[in-house]
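Novice: can't give you the sequence, but here's the structure:
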Ligand SMILES: O=C(CO)C[C@@H](Cc1ccccc1)C(=O)O
Ligand SMILES: [Zn+2]
């Protein structure tokens, strides 16, 4: 698993944003976004005042492909694969849903204990090596990681905790207002309309999500992006929409990063 650290090397600890893509193998626009983000960040440093300020004062940890085996499987075998590709003992069915595999209300709601289900929660929290590696990195670096962004598709949503319960997060009002500012920034470019809100009420109740886990660990600004579209193409988003999707999503990420920097 490749993790990139982007930011001016000042020698001192800077606040950081952690962003991952490719949790779910078939959500190809997300892998594209993370890779585009890395290139855009480094190539506009020095020319874009906003990005220059962010990279001078913060670090971005970017994990472009979380679920490597699953992504490869969608290229060579099944374009619509979602889960990891781990073996499940006692079953001929493969894989765990990594976004049900974190220790956040694990396997209580919106997840299945059946290895053949697309929302299989795994044999235990962090059973998947991918989940374990991500959780270990964030636990180790939680003193500097101020925001956790996990990028999925599709539905055009900006979700925040909680998905594993309907209770409002302690920081609900701030998370809501920041999400509203972020989706307004996103919409300003091409008019793309997003909805934001707590996961359980905004999409569906689902336990074991990485965003809920990061929030309960203490990463206050924890968000799940659901990129374009709203279902016309779904996971098979046309190539013509890759760049516009990346450009508009960048505005939302910058909005959140600036809020983190100033609060
Ligand atoms: O990936 C998604 C669409 O592919 C939606 C996400 C919704 C979700 C987001 C955060 C926590 C739990 C679930 C999912 O089901 O894991
Ligand atoms: Zn997903």
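Specialist: Nice, thanks for sending it over. Only a predicted model underlies this, so the values are computations on that prediction, with no experimental measurement involved. Ligands and ions are numbered 1, 2, ... in the order given.
Novice: Every contact and neighbour count from this point should use C-alpha atoms.
Specialist: OK.
Novice: so which strand or helix has the most centrally placed residue in the chain?
Specialist: The structure's the chain has its C-alpha centroid closest to residue 150; by C-alpha atoms, centre = their mean the separation is 0.8 Å. Assignment of secondary structure by DSSP states H and E places residue 150 within strand 145-153.
Novice: per-residue confidence averaged over that strand?
Specialist: For strand 145-153, mean pLDDT is 99.
Novice: quick check, the helix or strand following that strand touching ligand 1?
Specialist: Going down the chain from strand 145-153, the next helix or strand is strand 157-160, by DSSP H and E. No: Strand 157-160 stays clear of ligand 1 (C-alpha under 6 Å from any ligand atom), getting no nearer than 6.7 Å.
Novice: Residues in a beta bridge with the residue of the stretch 151-263 of the chain found nearest ligand 2, which ones?
Specialist: Proximity of the stretch 151-263 of the chain to ligand 2 (C-alpha to the ion) peaks at residue 152, 4.3 Å away. In this entry, residue 152 is beta-bridged to residue 226, by DSSP bridges.
Novice: Is it in contact with residue 23, as I believe?
Specialist: Yes: applying C-alpha atoms under 8 Å, one finds residue 152 in contact with residue 23, separated by 7.0 Å.
Novice: out of these two, which sits in the more crowded spot?
Specialist: residue 23 (30 against 27; other C-alpha atoms under 10 Å).
Novice: Name the nearest residue to whichever residue of the chain sits closest to ligand 1, sequence neighbours excluded.
Specialist: Residue of the chain nearest ligand 1, by C-alpha to the nearest ligand atom: residue 209 (4.0 Å). Spatial nearest neighbour of residue 209, excluding adjacent residues (C-alpha to C-alpha, 6 or more residues apart in numbering): residue 99 at 4.6 Å.
Novice: what number of residues lie near the one you found?
Specialist: 22.
Novice: ok, it to residue 66 distance?
Specialist: To residue 66, residue 99 is 11 Å away according to C-alpha to C-alpha, to the nearest Å.
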